[in-house]
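K.L.:
quick one: sequence plus predicted model below, questions after.
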Amino acid sequence: MMTSSGPAVPANIDEEYYQISEEILSSFPKFRPPVDLFRFKEAALTLVPLIRKGQRLTNEQVEEVHALCLSGDLFVSRSDHSIYSEHMVKQLDLVLQDSNLKEPELADICIRALIMRYEAFAEQPVRPVFDPLYKDIMVYTEILWQDRHRIKLFMRRLLREYSLGKHAFNSLIVGTWLLLRVMEGGELRRRDLDRAALAFFLQDIGMAKIPAFILNKPGSLKAEEFDKVVLHPTLSYKIMQKLDLAFDELAQASLEHHERLDGTGYPQKIKASQISRIGRIAAIADSFGAMIAKRPHAEAKDLSQAAQELAADQKRYDGQLTGYLAAALLTENVG
């Protein structure tokens, strides 16, 4: 490989090491890098150890490391991927700076970051915790904006164990996939993608206000317990209102993801054309995400089976949208 700022690097090195960009290096602790650093020796076309992880650097070594980075001669081993990726999970925008990440690695880092941000926000739904979540959602939409086909990386990583964070991720991915499918060949504005993604991700955040013993109950809910659960769409909307984030897509996803075309849903019991397109997508994303994950009261269903069941329920779900999902999963064409 030929870097923009350095020499040609043999393919075997490119496969086993990451080349560190200036943005990545600047995110490391300046005097104590968390990974082993290697220097490229062009004359021998090989890498030699430079700095051991956790080693305390002198001012001269800091300058040397920075100079090697600028010249394209600074590398980290892929064997340190767990440390490297953990670092990027906490600063997700770094994935946009690192052209050496393989796309599956990029997707996996993004998943971990989004779930981490969601869980933190569910525990403390306040602006200082929301802001990094919003920033990471914008990284996710930028990944898709650069190449919409990357949605298949995420669709192939839908999570099969239930938690609020994992369910939010499933809703985000399925909702985004459906939106991109509906808009295929049409004009999708970046702002619309950004807002819809945030809406699908946070549509269920009100569930964090429901007592855990209800959410984790293995059997059927009592009437009074279900009465608490049906409050969560409104709670989701109120949480967003408190943050001055009640734009249309967020309101629609929050309040409509449990509405049904035949009017049997909640909380507003609206039906048919009263339900927005975002609301229809959110309903499918929410139901599908729940069906494919193992929960205290139900085993996980096969992805194709879950999609077929939704497609058969045209009285309650949008048949065109569920048809897109079922057909794609039947043929494994989720990209």
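P.N.:
Good, I have the coordinates. Computed from a predicted structure; not experimentally measured.
K.L.:
and the residue sitting furthest away from the middle of the chain, what are its phi and psi?
P.N.:
Distance from the C-alpha centroid of the chain, by CA atoms, centre = their mean, peaks at Ala43 (42.4 Å). Torsion angles at Ala43 (phi, psi; degrees, to the nearest 10) stand at phi -60, psi -40.
K.L.:
gap between it and Asp73?
P.N.:
In this view, Ala43 and Asp73 are 12 Å apart by CB to CB, to the nearest Å. No exception for glycine: its C-beta is placed from N, CA and C like everyone else's.
K.L.:
what does Ile270 give?
P.N.:
From Ile270 to Asp73 the distance is 62 Å (CB to CB).
K.L.:
more neighbours, the two?
P.N.:
Asp73 (22 against 18; other CB atoms under 10 Å).
K.L.:
assign the residue lying closest to the more buried one once chain neighbours are set aside to helix, strand or coil.
P.N.:
Sequence neighbours aside, Phe40 is the residue nearest to Asp73 in space, at 4.2 Å (criterion: CB to CB, 6 or more residues apart in numbering). Three-state assignment for Phe40 (DSSP: H, G, I helix; E, B strand; the rest coil): strand.
K.L.:
what about the stretch 1-150 of the chain, any weak spots by pLDDT?
P.N.:
Under the criterion pLDDT under 70, the flagged ranges of the stretch 1-150 of the chain are 1-12, 14.
K.L.:
where's Val48, which helix or strand?
P.N.:
strand 46-51 (DSSP states H and E).
K.L.:
and Tyr134, how far from Gln203?
P.N.:
Distance from Tyr134 to Gln203, by CB to CB: 15 Å.
K.L.:
okay, these two: which has more neighbours?
P.N.:
Using other CB under 10 Å as the criterion, Tyr134 and Gln203 rank with Gln203 on top: 33 against 17.
K.L.:
okay, Tyr334: pLDDT?
P.N.:
Let me fix one detail, which is that residue 334 is Val and not Tyr. Val334 is assigned 67 on the pLDDT scale.
K.L.:
name the residues that touch stretch 237-255?
P.N.:
Contacts to stretch 237-255, defined as CB atoms under 8 Å, 6 or more residues apart in numbering, come from residues 125-127, 130, 175, 192, 195-196, 198-200, 202-203, 205-206, 233-234, 236, 267-268, 276, 278-279, 282.
K.L.:
what's the neighbour count on Leu57?
P.N.:
17.
K.L.:
alpha carbons only: can I get whichever strand or helix holds Lys152 in CSV?
P.N.:
Assigned by DSSP H and E, Lys152 falls within helix 151-155. Below are the C-alpha coordinates for helix 151-155, written out as CSV (Å, rounded to 0.1, in the frame of the first residue of the first chain):
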residue,chain,number,x,y,z
ILE,A,151,-26.2,-0.9,6.1
LYS,A,152,-25.7,-4.6,5.3
LEU,A,153,-22.8,-4.7,7.7
PHE,A,154,-25.2,-3.8,10.5
MET,A,155,-28.2,-5.9,9.3
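K.L.:
which other helices and strands does that helix contact?
P.N.:
helix 103-123, helix 164-182 (3 or more CB pairs under 8 Å, 6 or more residues apart in numbering; DSSP states H and E).
K.L.:
mind checking which of these is nearest Glu63?
P.N.:
With respect to Glu63, and counting by CB to CB, the nearest of the helices and strands packed on helix 151-155 is helix 103-123 at 29.6 Å.
K.L.:
list the contacts of that closest one.
P.N.:
In contact with helix 103-123 (CB under 8 Å, 6+ apart) are residues 81, 85, 88-90, 92, 95, 101, 129-130, 132-133, 136-137, 139-140, 143, 150, 153-154, 157, 159, 163-166, 168-169, 172, 201-202, 205, 208.
K.L.:
report the buried residues of the helix or strand just after that helix.
P.N.:
Using DSSP H and E, the helix or strand that follows helix 103-123 in sequence is helix 127-146. Neighbour-count burial for helix 127-146 flags Phe130, Pro132, Leu133, Tyr134, Asp136, Ile137, Met138, Val139, Tyr140, Thr141, Ile143, Leu144 (criterion: 16 or more other CB atoms under 10 Å).
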